[in-house]
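Asker: Provided below are the primary sequence and the corresponding predicted coordinates.
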2 protein chains.
Amino acid sequence: MALIVQKYGGTSVGDAERIKSVARRITAAKEKGNQVVVVVSAMGDTTDNLVTMAHQLNPQPDAREMDALLATGEVVSSTLMTMALEAMGHKAISLNGIQAGIRTDTAHSRARITQVDPKRILEELERDFIVVVAGFQGVSDGMDVTTLGRGGSDTTAVALAISLKARRCEIYTDVEGVYTTDPNLIPEAKKLEEIGYEEMLELASYGAKVMHSRAVELAQLYGMPILVASSFSENPGTLIHGGIPMEIRNKVRGIAYDLDVAKVTVIGVPDKPGIAASIFEPLSTAGISVDTIVQNASINNLADLSFTVTRSDLDKAMRLIEPVARLIGAQKCVGDSSLAKVSIVGTGMQNTPGYAAKMFKAFYQEGVNIQLITTSEIRITCIITEKQVKKAVDALHRAFVMEKEA
Amino acid sequence: MALIVQKYGGTSVGDAERIKSVARRITAAKEKGNQVVVVVSAMGDTTDNLVTMAHQLNPQPDAREMDALLATGEVVSSTLMTMALEAMGHKAISLNGIQAGIRTDTAHSRARITQVDPKRILEELERDFIVVVAGFQGVSDGMDVTTLGRGGSDTTAVALAISLKARRCEIYTDVEGVYTTDPNLIPEAKKLEEIGYEEMLELASYGAKVMHSRAVELAQLYGMPILVASSFSENPGTLIHGGIPMEIRNKVRGIAYDLDVAKVTVIGVPDKPGIAASIFEPLSTAGISVDTIVQNASINNLADLSFTVTRSDLDKAMRLIEPVARLIGAQKCVGDSSLAKVSIVGTGMQNTPGYAAKMFKAFYQEGVNIQLITTSEIRITCIITEKQVKKAVDALHRAFVMEKEA
């Protein structure tokens, strides 16, 4: 008898029919003799609707109140799922974040799990119940309801799997698994049977929408295997784990892209100590997250400094940077909101030369112009213009994924 | 500085505009220097919608799950109300049933409050916050969410007012107060400035929809005054309290009616000991609530026994009673679902003869046929046919309310 944790996202529990269909999958896992803990997200548009209602009453709602409001969405889906399981003749019980023992810090809207106290869950499993936990939420030491922010329900599922010593954490969603690249953009994209944690993290951070990197990081830390699969089919999905064999490691695993990229370039920055700090401090204070930063070599003691932000932050970043640029004697600031980043990811790239050259050559052959380049040990990312994304991803997919199989 | 508890019903918080309008009333009370605790119901149709969703998944949803589901409705309205108060520049905080310290037994869907631990509320009041409590809900010793059943939010408000030693409990609703009878039926109905607890209880139990009797009973037990008033106007409303002066007591206070009445008559019941028990035991086991019971004098050792149930219980009651009737040798069973009860209520009736005679005379003059009669110390109730309700209430209102003023 194994203990498994299954998580179902908002689309998978979007209406009564889908809840019933998911309930049948859960009962199948239970009838195989497993102990089953289920984590559910809020139904479909519930969270968006609650946010809209809140903003009708207060343009800047308090984070504590917002958390208490939004957490109701997952409570609703967890109770409805439990009722569906009971209608199928199974013993089931819903638990909210407090009851499930998900303790967090007090950082409302982006709380971190500090501890899981699985006492109640274990008691209910002992009584042979299927336990349905409301995802995305926890409770602070002061008994206030908190939410975990983006990727919250995935994080709930992985944290429960770890603290319950589950065999694995199964994430059911509206895609079939992790692909070599976005199958909506490139129909030739292939589903991966398995992928390592680091590769998945780079794919997730650089645009793949399958899972939020936070839950993957947590799974990596404790070595918890994650299965990502479709809740609408019986196909096998992708297993994210740490034990990828040597042979398979020697590959580019996938190609990620992200369209939410804008660039700010400060031209003619005097090459003096402290200049970078004076530029980035006001951005940090304003809560603007800066991604790629590139500064070219100084010519006549003047350098050009570029960095990327999300598109929604571009205007604010420009307003903050322009006075700073004048102050430090830079020539001017230029903003560009129509950019994208395209990355190749794979542990096979580590210590293996030639990947960057092959990537740049593929871009050159297709006439894709590279604006900025950044790399990690297992990733190479190019910032390009949005219009060339499809051409770029297609070229990389052919060069690194298709070719390899031939 | 006084501490007041205000409760707003589902219609009063039905949409964003109404929430804002109620928030302005709350801030006005706060700005007068009061400490304010607010109790809110779920918005408009929320509870009905949740029930519908539950029944799509399970025709007989588990009571524990139903409670967890329904309690989200009041959490949503309490957080939205708090956001509205904050948008108006006030410090406010929402508390769910657990946080507000509403401890109950484990009778899901109709839990009784066992204890209120107002520690958190008092702390927040001390910090000068307006405290917005989600009504209708509590928590059991096992940390499960419970709901209080019908009249639940009113009961939450009264219980909090008592445990916080509030000056009074204000119930804001979609009517202007307590009337001599239903103003929708009888336009001449008059709003009462005040009414005693017992009279209010009889009116509530016998059909007046203003407040559920449970909350009034609780208020009576602790002598907590309740103001019932409209959340849409500034009119003064009706004060329910224990200190009604002698002079005012000597009156019929109001006329209640209830259309949800069905009658079962068992004809030709042999007059033997134990017969009544054999009839009512199966009803009690099936959870059918029996209201009025009347047995006429026995002729030739055969009696007719009638009792009333709600209309939705009639079919079930008939199915249970028919075999019992055969077993005990009764002649037959007859059901009638088109009945109503009409009552006159007033402590003035106590020890004062003539009220019943006057009631029956008024009915006789209008041609209203009385099927059953029951009385309490301060109430006389007649069961009549549904079609004659308006005529009957009008006759009683003229005889007892209008005449008295002339």
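Answerer: Good, I have the coordinates.

Asker: what comes up buried for the one helix or strand residue A:54 maps to?
Answerer: Here residue A:54, judged by DSSP states H and E, is contained in helix A:46-57. For helix A:46-57, the neighbour count (16 or more other Cβ atoms under 10 Å in any protein chain shown) marks A:46, A:47, A:50, A:53, A:54, A:56, A:57 as buried. In short, each C-beta sits where N, CA and C put it, glycine included.

Asker: show me the contact partners of it.
Answerer: With contact meaning Cβ atoms under 8 Å, 6 or more residues apart in numbering or on different chains, helix A:46-57 is reached by A:10, A:61, A:65-66, A:69-70, A:72-73, A:76-77, B:16, B:19-20, B:76, B:79-80, B:83-84, B:87.

Asker: helices - which of these land there?
Answerer: A:65-66, A:69-70, A:72-73, A:76-77, B:16, B:19-20, B:76, B:79-80, B:83-84, B:87 (DSSP state H).

Asker: out of those residues, which are buried?
Answerer: A:65-66, A:69-70, A:72-73, A:76-77, B:16, B:19-20, B:76, B:79-80, B:83-84, B:87.

Asker: if we can go back for a sec, how far does the helix holding residue A:54 sit from the chain's center?
Answerer: Here helix A:46-57 shows a centroid-to-chain-centroid distance of 23 Å under the convention Cα atoms, centre = their mean, to the nearest Å.

Asker: got it, and stretch A:148-158?
Answerer: 10 Å.

Asker: what's it in contact with?
Answerer: Residues contacting stretch A:148-158 (Cβ under 8 Å, 6+ apart): A:5-7, A:9, A:39-41, A:74, A:97, A:102, A:104, A:109-113, A:133, A:135-138, A:169, A:171, A:211-215, A:218-219, A:224, A:226.

Asker: how many other residues sit next to residue A:299?
Answerer: Counted by other Cβ atoms under 10 Å in any protein chain shown, the residues lying close to residue A:299 total 10.

Asker: just residue A:326 next, same as before
Answerer: 12.

Asker: which non-adjacent residue is nearest residue A:213?
Answerer: residue A:204 (4.1 Å; Cβ to Cβ, 6 or more residues apart in numbering or on different chains).

Asker: where's the residue lying closest to residue A:143 once chain neighbours are set aside, which helix or strand?
Answerer: Once flanking residues are discounted, residue A:143 sits nearest to residue B:99: 5.8 Å by Cβ to Cβ, 6+ apart. Assigned by DSSP H and E, residue B:99 belongs to neither a helix nor a strand.

Asker: where does the stretch 101-250 of chain A dip in pLDDT?
Answerer: A:245-250 (pLDDT under 70).

Asker: now with 90?
Answerer: Scanning the stretch 101-250 of chain A for pLDDT under 90 picks out A:149-151, A:174-175, A:182-185, A:198-199, A:201-214, A:243-250.

Asker: repeat that for the stretch 251-400 of chain A.
Answerer: Using pLDDT under 90, the flagged stretches of the stretch 251-400 of chain A are A:251-254, A:268-306, A:312, A:327-329, A:331, A:345-361, A:369-381, A:399-400.

Asker: how about the strands in it?
Answerer: A:254-270, A:293-295, A:302-309, A:332-345, A:372-376, A:379-385 (DSSP state E, counting those that start in this stretch).

Asker: Throw those strands into JSON lines and include mean neighbour count, thanks.
Answerer: Converted to JSON lines, these look like this (neighbours: other Cβ atoms under 10 Å in any protein chain shown):
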{"stretch": "strand A:254-270", "mean neighbour count": "21"}
{"stretch": "strand A:293-295", "mean neighbour count": "15"}
{"stretch": "strand A:302-309", "mean neighbour count": "21"}
{"stretch": "strand A:332-345", "mean neighbour count": "20"}
{"stretch": "strand A:372-376", "mean neighbour count": "16"}
{"stretch": "strand A:379-385", "mean neighbour count": "22"}
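
Asker: would you list those in CSV and tack on distance to residue B:258?
Answerer: Formatted as CSV, the strands of the stretch 251-400 of chain A follow (distance: least, Cβ to Cβ, whole Å):
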stretch, distance to residue B:258
strand A:254-270, 61
strand A:293-295, 74
strand A:302-309, 66
strand A:332-345, 66
strand A:372-376, 74
strand A:379-385, 73
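
Asker: could I get the ones you listed as JSON lines with distance to chain B?
Answerer: Output for the strands of the stretch 251-400 of chain A, formatted as JSON lines (distance: least, Cβ to the nearest Cβ, whole Å):
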{"stretch": "strand A:254-270", "distance to chain B": "28"}
{"stretch": "strand A:293-295", "distance to chain B": "38"}
{"stretch": "strand A:302-309", "distance to chain B": "29"}
{"stretch": "strand A:332-345", "distance to chain B": "32"}
{"stretch": "strand A:372-376", "distance to chain B": "41"}
{"stretch": "strand A:379-385", "distance to chain B": "39"}
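
Asker: the ones you listed: which one's closest to residue A:315?
Answerer: strand A:332-345 (8.0 Å; Cβ to Cβ).

Asker: any chance you could map the helices in chain A?
Answerer: Under DSSP H, chain A gives helices at A:16-31, A:46-57, A:63-87, A:119-126, A:152-163, A:197-205, A:213-222, A:246-249, A:275-285, A:314-327, A:355-366, A:389-396, A:403-405.

Asker: before we move on, the earlier item: show me how to select, in PyMOL, the buried members of the contacts of stretch A:148-158.
Answerer: Buried residues within the contacts of stretch A:148-158, by 16+ other Cβ under 10 Å, are selected in PyMOL with:
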select buried, chain A and resi 5+6+7+9+39+40+41+74+97+102+104+109+110+111+113+133+135+136+137+138+169+171+211+212+213+214+215+218+219+224+226
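
Asker: burial count for residue A:8?
Answerer: Residue A:8: 28 neighbours (other Cβ under 10 Å).

Asker: apologies, that question was intended for residue A:251.
Answerer: Based on other Cβ under 10 Å, the number of other residues close to residue A:251 is 18.

Asker: my guess is residue A:170 contacts residue A:4. True?
Answerer: Yes. Residue A:170 is within contact range of residue A:4, at 6.2 Å (criterion: Cβ atoms under 8 Å).

Asker: who's more crowded, these two?
Answerer: residue A:170 (26 against 20).

Asker: so in terms of bridging, what pairs with the more buried one?
Answerer: residue A:6, residue A:227 (DSSP bridges).
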